[in-house]
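Participant: What follows is a predicted protein model with its sequence.
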Amino acid sequence: MEDSKIISLFFERSEQAIEELDRKHGPAVKRTAANILKDRLDVEECVSDTYLRTWNSIPPQAPNPLASYVCRIAHNLAIDRYHANTAEKRNGNYDLVLDEIEECIPSGMSVETELDAKELGASINRFLSSLSKEDRFLFVRRYWYADSVRELAAMTNGSPNRISVRLFRLREKLRNTLTKEGLLV
Amino acid sequence: MYKSERMMKAIGDISDDKIEKASRALGYQKDRRQASRISIRMGRLMSIAAVVALLLALGAVAYAVNLFGLRELYANPNRGDMPEEAADLIAIQSAKVEGEGWSASVQETYCDEGTVLVTVHVSADASYIVVPTDADLDSPLSAIGLSGEGTLREYAQKEGKTLLFVGANLDREALGLHSAGERFENASLQEMTIYVEGARGGAAAPVDTVCTVVAVAWSPETQDPDTLVPERRELPITLVEGKSTPLGLYAPADPYALPGFELGELSLTQTPLGIELRLKMSVLDEEASRNLLTLRLDGVEFHGAGSIDPNGYAVFSQGQGDFGNSPLIRFLDWDKNTISEVAYEKIG
């Protein structure tokens, strides 16, 4: 079913909207949550919460594209749940993603304020726009969707080692950009 | 808040269009696999002058009635068909192993200085659905060559079957592989051919080696993923390395033309699948060396991404084209801009 028809179902307050949303975008939502959370029940709850939030927000919103809208909700909910979980319940893959991203901040520097964090977001968007299509894909898949290096290798028909090197260079490039823009103090 | 958390918060604000584009790429691999499936089958079907119309209904089993040979699986639109000289070197193998309700056998192999190709046929009993190891429970049915809505998990539940995830690996160390990939083609729900392609670094090929098949049976409704136990079976294979012909040994006009590196000898070899390039390189400046993404040999198109070991050799294989009398190599950075061009002169 087309996204616009699913949105219409939400506007009609038809429960079929959730069924159609799950049918079309459920795999992406589940994968987004499962890449961040380890526990299967946590993933299921995160997916349910995502659908509930979508139900509560459409209307008034009519998001286009719908896929990134629901994936973003799942992503944010999964991260909140990740931080609320105890260490034993945390997902090793996502721990690795956090470790990697910390490399982008030179030692001794930090992002001090909420305002800085917002500017940081804008800067990262500019940085992504400057990348080639392939590099942008790798960065977003690794650090937004938290896909594993092995999955990325399979998606791009490359070797995990090559992907790791490429991600390393992207992080380095980001670090240079952020330092140049004075966002790290 | 930790530094990484602030960064992740900022990354969480990546714009919708970028998220959306990367999301669509979730189906990247599956789409591409479907495309290659069609092209391979079309080639096969045309070669036997047959026409098969496939009308795929929801979850319906509709497989083309053909098995996949190494020659068909090698061919793709980028590199075309396998050269006849290489096809003549395909060896038929016979090793077979048994697992719990499944079996696997090596079908065909090919080996030269730069490439190893192996096909493995997997067959399972009717309680299983054989699934590529790179699929997951939420993969669409196209992962096993079916059309229609729904996921593998739903389909297995509907059919009352267990998913059997299967993959095959070559002995990377023994064969000197710097990269290897698999492709999967289901011939039915219980039959699949795995095509393994490895790029070699030019080490001498062992005559006898093994291909390891790994299978994991999973009934998602009743089995927790933590309790799954993979079965590993080794298939002995005997390789015969195809003859390669040296095309020349070359020295760089300026060994220091590429910032951060000292360039050494370039050797070009004609293998049955095409030209193989091996270039000696040593890192002089770690920082500057990170600028290098890849290289291009003027006049020659190589297959795949090749491999660059910054303190060893750059190796590219299956090249097609003509590099002339004085090979010219262009080194590219991560934005695919040329960092430097280096001319090579023949020394042997």
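Facilitator: Looks like it came in fine. Since we're looking at a predicted model, the values are computed, not measured. Numbers count the residues shown, from 1 in each chain, chains lettered A, B, ... in the order given.
Participant: all helices in the chain, in order from the N-terminus.
Facilitator: Since no chain was named, I'll use chain A. Per DSSP state H, chain A has helices spanning A:3-11, A:16-36, A:40-57, A:66-84, A:92-102, A:114-130, A:133-143, A:149-156, A:160-180. These are given in chain order.
Participant: other chain: chain B
Facilitator: Listed in chain order, the helices of chain B (DSSP H) span B:3-11, B:16-24, B:28-47, B:70-74, B:84-87, B:152-159, B:172-175, B:286-289.
Participant: mean pLDDT lowest for which of those helices?
Facilitator: Ranked on mean pLDDT, the bottom entry among those is helix B:28-47, at a mean of 31.
Participant: does whatever residue of the stretch 151-300 of chain B ends up closest to chain A have beta-bridge partners, and which?
Facilitator: Per CB to the nearest CB, the residue of the stretch 151-300 of chain B with the smallest distance to chain A is residue B:179, at 4.1 Å. Every C-beta, even on glycine, is put in place using the N, C-alpha and C of the backbone. Residue B:179 has these beta-bridge partners by DSSP bridges: residue B:199.
Participant: residues in contact with the residue lying closest to residue A:36 once chain neighbours are set aside?
Facilitator: Distances taken as CB to CB, 6 or more residues apart in numbering or on different chains place residue A:78 nearest to residue A:36, at 4.0 Å, with adjacent residues excluded. Contact criterion CB atoms under 8 Å, 6 or more residues apart in numbering or on different chains gives A:32-33, A:36-37, A:43, A:46 as the residues in contact with residue A:78.
Participant: Over to residue B:196?
Facilitator: Listed by CB under 8 Å, 6+ apart, the contact set of residue B:196 reads B:116-120, B:168-170, B:180-182, B:211.
Participant: at 7 Å what do you get?
Facilitator: For residue B:196, the contacting residues are B:118, B:168, B:170, B:180, B:182, B:211, taking CB atoms under 7 Å, 6 or more residues apart in numbering or on different chains as the criterion.
Participant: Filter these down to just the ones in strands.
Facilitator: Among the contacts of residue B:196, DSSP state E puts B:118, B:168, B:170, B:180, B:182, B:211 in strands.
Participant: The residue positioned nearest the centre of chain A and residue B:136: what is the separation?
Facilitator: With distances taken as CA atoms, centre = their mean, residue A:144 lies nearest the centre of chain A, 2.9 Å away. Residue A:144 is 19 Å from residue B:136, where distance means CB to CB, to the nearest Å.
Participant: and what of residue A:97?
Facilitator: Distance of residue A:97 to residue B:136, given as CB to CB: 18 Å.
Participant: Among these two, which residue is more densely surrounded?
Facilitator: When neighbours are counted by other CB atoms under 10 Å in any protein chain shown, residue A:97 comes out ahead of the other of residue A:97 and residue B:136, with 24 against 19.
Participant: close to chain A, is stretch B:162-170?
Facilitator: No: using CB under 7 Å from any CB of the partner chain, stretch B:162-170 stays clear of chain A, with a minimum separation of 10.6 Å.
Participant: The residue of the stretch 151-300 of chain B closest to chain A touches residue B:308, doesn't it?
Facilitator: No: Residue B:179 is beyond contact range of residue B:308, at 11.3 Å (criterion: CB atoms under 7 Å).
Participant: pull the helix or strand with minimum mean pLDDT from chain A.
Facilitator: Of all the helices and strands that make up chain A, helix A:114-130 has the lowest average by mean pLDDT, DSSP states H and E, namely a mean of 75.
Participant: what does chain B give?
Facilitator: Least confident element among the helices and strands of chain B, by mean pLDDT, DSSP H and E: helix B:28-47 (a mean of 31).
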